[in-house]
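Engineer: Test case, fold it:
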Amino acid sequence: MISKKILAFLLCMTLLVTAACVSPQPAPDPVADAPASAADDSAPTLTESDTSGGLADATISLLSRSFTLNSMYVFEVAHEQLQAWQSENPNITVINESVFDEDQFNNRFTIAVSSGDIPTIFSHYGGGAFKPYIDSGMVLDLEPYLLEDPEWYNSFIEGALAFSQYPDISGIFAVPIDMFATGIFYNKTLFAQAGVSPPNTIAEFEAACEALLAAGIQPMTFGDANSFRGGHLIGDILMKRHGSSFMHDLADGRQAYTDPEFVEVLHLMKSWQDRGFLGANVATLDVDGERTNFRTGQTAMIQHLVSQYGNIMGDGATVEDHEVGFIPFPYFDEAPEHRNAWHSGASLLHSIATDASEAEIAAAISLLKMYTGLETAAIQVERGEGTFLSAIRGAPVSANPVPAIVEFTAVYPNATDAGKEPGEYSTNPAMRNLIRDQIQAMFAGTPPEEVARILQAA
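Structural biologist: You can find the predicted model right below:
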């Protein structure tokens, strides 16, 4: 069952996107309020100058997927804000090693860890895969710094900081700025042409796909050349079939990847490919092609991040906003208890290395306060025109909502469970990518049972 903290986060996040609208972007995922008296006497003290210039001379390194020169507005804003922060703190040298490409980022981070040269600030996705780094002592506990500054601490919507906490370790080890949720956008015009209604259940989804194909309409195409797509799809299916507790059971070994409960989900995904629901060339089509097919009316549905609506409906769209609707990912008739479970959670998190000096930590805290501040969140919301799902209280909303985002905000408050894709929970840092790669291999021809065996042996 979902924790009260996570549920509170889900509800708060919905309120922040209630009047959202979108613009196209090129393609490239708590704690109670701290009273003012909550600061621990032993907590590090940051002076007023720490957030308004006057920091001690320091050199800090930064390895993130956010602070990069990338055409996606989220990363553009982060990079621009970094430059603004540097101009206000000219005595702080920032060695920015950030890179957007996920594989390149993972390689750089792996090399940094193995060499012992940990960046002062680094990004990650949290979860079980990140816990070994905390256990090894390389990640700074940010809780004392949050308690020292109640305004910063209380700026996060309730539940947001829960994604950087662990039940068996005291502390808060990262801060987020945004969140994610996935679902299905659909073309109302194509649905009407095929005489089908938006599906609520998996059975209805499959029936709708068959009816669309019979009408000469491609239900979906799936761009798993970008392997995160398979990770997001299996995250959606597993949440609706088994809920977030199943992810923990896989990570803890109480459930095996070779168990029928997991293998049946692989077979379901493969059957959708075999029946033509996901289009041709699933393993070689990329996400840009998938989005193009939807925005030009070649497909009736796309399963995607809600925050990426602007990228989906990008340049060259022939489908208009009023033609696009939103539905939660369908649930299983045999598992109605997971009807309102969502593939959702904190997006990119940022942490500080424990081996940083006092001056470096002060500079890093100042930079993270800027990055997670209301001003940055407001720019993100404005630049994304409503698609940015902020983790910061008081972030503005857009005034001209598109129908699909309105429909999302109408159903998301019903969420009773939230979880990420299964690899996020494993203490094996390579597990998330291994699962994604094996799903890609399955779409290319590897039998589901072999995929399960490989995952279980990892």
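
Engineer: end to end, how far does stretch 296-306 reach?
Structural biologist: Distance between the two ends of stretch 296-306: 19 Å, counting by CA to CA, to the nearest Å.

Engineer: which parts of that stretch are buried?
Structural biologist: Neighbour-count burial for stretch 296-306, counted by 16 or more other CB atoms under 10 Å, picks out 297, 298, 299, 300, 301, 302, 303, 304, 305, 306. C-beta coordinates here come from the backbone N, C-alpha and C atoms, glycine included.

Engineer: do stretch 127-141 as well
Structural biologist: Buried positions in stretch 127-141, judged by neighbour count with 16+ other CB under 10 Å: 127, 128, 129, 130, 131, 133, 134, 138, 139, 140, 141.

Engineer: looking at it, the last one is touching residue 173, isn't it?
Structural biologist: Yes - the criterion here is CB atoms under 8 Å, and residue 141 meets it with residue 173 at 6.3 Å.

Engineer: how close does the nearest residue to residue 331 once chain neighbours are set aside sit to residue 219?
Structural biologist: With CB to CB, 6 or more residues apart in numbering as the criterion, residue 331 has its nearest non-adjacent residue at 4.2 Å, and that residue is residue 339. Distance check for residue 339 against residue 219: by CB to CB, to the nearest Å, it reads 22 Å.

Engineer: Moving C-terminal from the top strand by length along the chain, which element do we reach first?
Structural biologist: Selection of the longest strand in the chain by residue count, based on DSSP state E, yields strand 179-187. With elements assigned by DSSP states H and E, the helix or strand that comes after strand 179-187 is helix 188-194.

Engineer: what's that next one in contact with?
Structural biologist: 197-198, 208, 211-212, 214-215, 217, 297, 300, 319, 323-325 (CB atoms under 8 Å, 6 or more residues apart in numbering).

Engineer: Report the buried residues of that helix.
Structural biologist: Residues 188, 190, 191, 194 are the ones in helix 188-194 that count as buried (16+ other CB under 10 Å).

Engineer: Could you check how many residues crowd around the closest residue in space to the last one that isn't next to it in sequence?
Structural biologist: If you skip the residues right next to it in sequence, residue 194 has residue 215 as its closest partner in space, 4.0 Å away by CB to CB, 6+ apart. The number of residues packed around residue 215, counting by other CB atoms under 10 Å, is 14.

Engineer: Likewise for the one 5 residues further on?
Structural biologist: Residue 220 has 22 neighbouring residues, counting by other CB under 10 Å.

Engineer: quick one: contacts for it?
Structural biologist: 209, 277, 278, 279, 299, 300, 301, 302, 303.

Engineer: and with 6 Å instead?
Structural biologist: Going by CB atoms under 6 Å, 6 or more residues apart in numbering, residue 220 touches 278, 299, 301.

Engineer: now residue 376: how far from residue 216?
Structural biologist: Where residue 216 is concerned, residue 376 sits at a distance of 47 Å (CB to CB).

Engineer: These two: who's more crowded?
Structural biologist: Taking other CB under 10 Å, residue 376 and residue 216 do not tie; residue 376 has more neighbours (23 against 8).

Engineer: ok, which stretches of this protein are strands?
Structural biologist: 58-63, 92-96, 121-124, 175-176, 179-187, 301-305, 324-327, 341-346, 349-352, 417-419.

Engineer: Can you tell me which of these is most buried?
Structural biologist: With neighbours taken as mean count of other CB atoms under 10 Å, the strands of the chain reach their highest mean count in strand 341-346, at a mean of 27.

Engineer: Residues contacting stretch 362-375, please?
Structural biologist: 50-51, 55, 58, 60, 85, 92, 120-121, 145, 152, 175, 177, 352, 392, 394.

Engineer: how about low-confidence regions in this structure?
Structural biologist: Applying pLDDT under 70 to the chain picks out residues 1-53, 70-71, 385-386, 398-399.

Engineer: hang on, isn't residue 266 packed against residue 450?
Structural biologist: No - under the criterion of CB atoms under 6 Å, residue 266 is not in contact with residue 450, lying 9.9 Å apart.

Engineer: quick one, which of those two is more surrounded?
Structural biologist: residue 266 (23 against 14).

Engineer: how near is residue 280 to residue 273?
Structural biologist: From residue 280 to residue 273 the distance is 9 Å (CB to CB).

Engineer: Measure how far stretch 67-85 is from the centre of its chain, please.
Structural biologist: In terms of CA atoms, centre = their mean, to the nearest Å, the centre of stretch 67-85 is found 18 Å from the chain centre.

Engineer: and it, which residues are buried?
Structural biologist: Buried, per 16+ other CB under 10 Å, within stretch 67-85: 67-68, 70, 72-79, 81-82, 85.

Engineer: Check stretch 311-319 too.
Structural biologist: 311, 312, 313, 314, 317, 319.

Engineer: which one among those residues gets closest to residue 415?
Structural biologist: Using CB to CB, residue 312 is the member of the buried residues of stretch 311-319 that sits closest to residue 415, with 21.8 Å.

Engineer: show me the contacts for the closest one.
Structural biologist: residue 291.

Engineer: again, but for residue 182
Structural biologist: 232, 236, 305, 343.

Engineer: of all those, which two lie farthest apart?
Structural biologist: 236 and 305 (10.9 Å).

Engineer: Tell me where the stretch 301-450 of the chain has helices.
Structural biologist: Taking DSSP state H, counting those that start in this stretch as the criterion, the stretch 301-450 of the chain carries its helices at 309-312, 358-371, 374-384, 403-411, 431-443, 448-457.

Engineer: swap that for the stretch 101-250 of the chain, sorry
Structural biologist: With DSSP H, counting those that start in this stretch as the criterion, the stretch 101-250 of the chain has helices spanning 102-115, 131-135, 143-148, 150-153, 188-194, 202-214, 228-241, 244-252.

Engineer: Could you report the neighbour count for residue 453?
Structural biologist: As a burial measure, residue 453 scores 14 neighbours (other CB under 10 Å).

Engineer: Tell me how far it lies from residue 270.
Structural biologist: From residue 453 to residue 270 the distance is 15 Å (CB to CB).

Engineer: Then residue 189?
Structural biologist: Residue 189 is 30 Å from residue 270, by CB to CB.

Engineer: closest to residue 445 among the contacts of stretch 362-375?
Structural biologist: So of the contacts of stretch 362-375, ranked by how close each gets to residue 445 (CB to CB), first place is residue 177, at 39.8 Å.
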